[in-house]
Structure formats: structure tokens, C-alpha cells
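Novice: Fold the stuff below for me.
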Amino acid sequence: MNRPLRWILLLVLSAGLLAACGTGGGSGTAPDAIQAYIEAIVAQDATAAASLSCAAWEADALTEVHAFDGVSARLENVSCAEGGPDGEATLVNCSGNIIASYQGEDRPLDLSARAYLAVQEGGEWRMCGYK
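Specialist: Here you go, the predicted model:
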């Protein structure tokens with residue numbers, strides 16, 4: 001095998017390995033994971049919400065998904081940022097609203113009303129409760 005072809009193959013394999021090592025799902029940081037979790041809840045995607053949750057929070061995630069049954073919901077101006085450590089967890093503060101529409105009336109749910117707890121589990125940041 002000639003030298004240039006060998007280098008090209010090495011680069012392609014290296015790029016593939018780096019892509020495989022990525023975190024995927026947009027949860028590379030604690031704020032990314034929390035925002036993805038909020039998006040899954042609003043989209044009523046129980047599978048995604050559970051996979052974005054720590055093991056101890058999975059049942060709660062399903063409860064939160066079902067809280068929007070029969071309601072049309074959307075996100076408005078959502079942004080999340082790291083708020084610092086809290087024991088083994090990282091606090092994440094979000095701003096913006098979930099707008100829940102029920103019987104033609106919009107009801108905003110302020111995301112800044114609580115801090116979210118993110119933990120690393122299985123090499124990924126995951127939602128694991130509120131503070």
C-alpha cells in the first residue's frame with residue numbers, strides 16, 4: 001500500500017473513532033442535558049426523557065411527560081447555564097417558559113422557578129431532580 005493512501009485511511013479511521021467517542025444526544029454538558037430533558041418532556045417523548053434521566057429519576061421523568069397529556073405545550077426562549085456544584089450533582093439554572101395551552105388559554109410555566117440537578121451517569125450528563 002502506498003504511503004499517501006495509508007495516511008488517508010488512518011485519518012478516516014481516526015475521524016470515525018473520534019465520532020464514536022462523542023457524547024451524542026446533545027448532552028455534552030450539564031446545561032445541554034437539562035435543556036434536552038425539558039425539550040423531551042414538552043415533546044411528550046417518554047423514551048427520550050427516561051434516557052436523559054439518571055436511573056433514580058426515570059419514573060419521575062415519565063410522570064412529568066404524562067403531566068402534559070391532553071395539553072398542547074411549547075418552549076419559549078429557553079436557555080440553561082451551569083450554576084455550580086451541589087455535592088455529587090451540578091446545579092443548572094434555566095430561563096424561559098414552557099407554554100402550556102389548555103382549553104385555548106396559554107399558561108406559562110417559569111423554568112427559573114427551580115434549579116435542576118444534573119449528574120454524570122454512564123459517562124453522560126443526566127437530569128436527576130430539582131432543588
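Novice: And the pLDDT for Y102?
Specialist: Listed pLDDT for Y102 reads 88.
Novice: unless I'm mixing things up, it is touching V71, no?
Specialist: Yes - using CB atoms under 8 Å, Y102 is in contact with V71, at 5.1 Å. Quick note: C-beta positions are derived from backbone N, CA and C, even for glycine.
Novice: how about low-confidence regions in the protein?
Specialist: The chain contains residues with pLDDT under 70 at 1-27.
Novice: can you pull out the helices in it?
Specialist: 3-20, 30-42, 46-51, 58-66 (DSSP state H).
Novice: which residues does the nearest residue to L52 once chain neighbours are set aside contact?
Specialist: Leaving aside its sequence neighbours, L52 sits nearest to Y37 (CB to CB, 6 or more residues apart in numbering; 4.3 Å). Y37 makes contact with 49, 52-53, 61, 116, 126-127, according to CB atoms under 8 Å, 6 or more residues apart in numbering.
Novice: Could you single out the nearest of those residues to D110?
Specialist: Sorting the contacts of Y37 by distance to D110 puts Y116 at the head of the list, at 13.2 Å, by CB to CB.
Novice: What about the closest one, how many residues nearby?
Specialist: A count of neighbours around Y116, defined by other CB atoms under 10 Å, yields 25.
Novice: do the same with A59
Specialist: Using other CB under 10 Å, the number of residues around A59 comes to 11.
Novice: Distance check, it against T29.
Specialist: Here A59 is placed at a distance of 25 Å from T29 (CB to CB, to the nearest Å).
Novice: Distance from stretch 51-63 to the middle of the chain?
Specialist: 12 Å (CA atoms, centre = their mean, to the nearest Å).
Novice: That one: which residues count as buried?
Specialist: Across stretch 51-63, burial judged by 16 or more other CB atoms under 10 Å covers 51-54, 57-58, 60-61.
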